[in-house]
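Visitor: Okay, predicted coordinates and the sequence, questions at the end:
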Amino acid sequence: MPVPPEQNKSIQHMTHYSNLSNIIAGGIYSGCELRRQHIVPTNIGHTQLKSDRSRRVVNIQPGGTLDNYVPFFFTNRPPMIVAIARGAVSDYGGTQREVVYLVSSTKTIVDYSCPYCFTDGHAVERITDYYNQLEDLRNIDWPAVDAWDWRPTASDPDRQRKKQAEFLVRNHVPWECIESITVKDLEMNQIVQQIIHSSHTHHAPSININRNWYYNPRRR
């Protein structure tokens, strides 16, 4: 069934550039699938949060726990990239410029028949609701998702949770679902281009430089 334009949303998965060769070869795997296949990627997230996600049950189809899903954000420059930029992710010793965004869309995920669901906020939070019908995208607070400054306010103390709404794809996302890649600067653009060229993949997404997708404290 065709996806109406208003339900076709851009979605972004963040990863370390060193993971790209494996992703090009086999796609993006959930945490559970990575362990099953004995793939050890460069981790850019909080270990405790990953543990919390492995216990968070997804209470609608396609079920499982968050560890069974590949996570995408609807937003760019999520709080996660701010934590990385500030050196607040104790399990990651790199910088934000080494992080790349793999960009897809809800339409592409549907076209590839990937099982999915999505949330109206950070997926671990207990007050977050889950959905599996695209028409329910209307339940996401899109102004909060799009806001540059997501700090809580007196009128909206829940803004940070809502900005982190997630699109979750069960088990695996094919490399062909990635429509473009966003990087921080020209040097990273060249590195990613070389990785793609060396892989001899028939699918080569465009690479975009956009510093606004990364943390700049002067913009807050």
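Guide: Right, received. Where do you want to start?

Visitor: hmm, which helix or strand of the protein has the shakiest average pLDDT?
Guide: Every helix and strand in the chain was compared by mean pLDDT, DSSP states H and E; the lowest is helix 47-55, with a mean of 89.

Visitor: in it, what's buried?
Guide: Using 16 or more other C-beta atoms under 10 Å as the burial criterion, the residues of helix 47-55 that qualify are residue 53. The C-beta positions use only the backbone N, C-alpha and C, and glycine is treated the same way.

Visitor: now for the helix or strand that it is followed by, which elements pack on it?
Guide: For helix 47-55, the following helix or strand on the C-terminal side (DSSP states H and E) is strand 69-73. The helices and strands touching strand 69-73, judged by 3 or more C-beta pairs under 8 Å, 6 or more residues apart in numbering; DSSP states H and E, are strand 10-16, strand 166-170.

Visitor: Show me where this protein has its helices.
Guide: 20-26, 31-36, 47-55, 79-85, 106-111, 142-146, 159-163, 186-199 (DSSP state H).

Visitor: Reformat these as TSV; add distance to residue 65.
Guide: As requested, those are exported to TSV (distance: least, C-beta to C-beta, whole Å):
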stretch	distance to residue 65
helix 20-26	22
helix 31-36	8
helix 47-55	6
helix 79-85	19
helix 106-111	20
helix 142-146	24
helix 159-163	19
helix 186-199	31
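
Visitor: And the ones you listed: which comes nearest residue 152?
Guide: Proximity of the helices of the chain to residue 152 was assessed by C-beta to C-beta; the nearest stretch is helix 159-163, lying at 5.4 Å.

Visitor: Which one of the helices of the chain has the poorest average confidence?
Guide: Lowest mean pLDDT within the helices of the chain: helix 47-55, at a mean of 89.

Visitor: and the angle from that helix to strand 69-73?
Guide: Helix 47-55 runs at 120 degrees relative to strand 69-73, counting by axes from the mean of the first three to the mean of the last three C-alpha atoms, to 10 degrees.

Visitor: Show residues contacting helix 47-55.
Guide: Helix 47-55 is contacted by residues 31-32, 43, 65-67, 91, 123-124 when judged by C-beta atoms under 8 Å, 6 or more residues apart in numbering.

Visitor: Stretch 108-122 too?
Guide: 3, 11, 58, 60-62, 69, 127-132, 134, 136-137, 139-141, 158, 160-162, 164-174, 176-177, 179.

Visitor: ok, now with 6 Å
Guide: If you take C-beta atoms under 6 Å, 6 or more residues apart in numbering as the criterion, stretch 108-122 is touched by 3, 60, 62, 128-132, 139-140, 161-162, 164-170, 174, 177.
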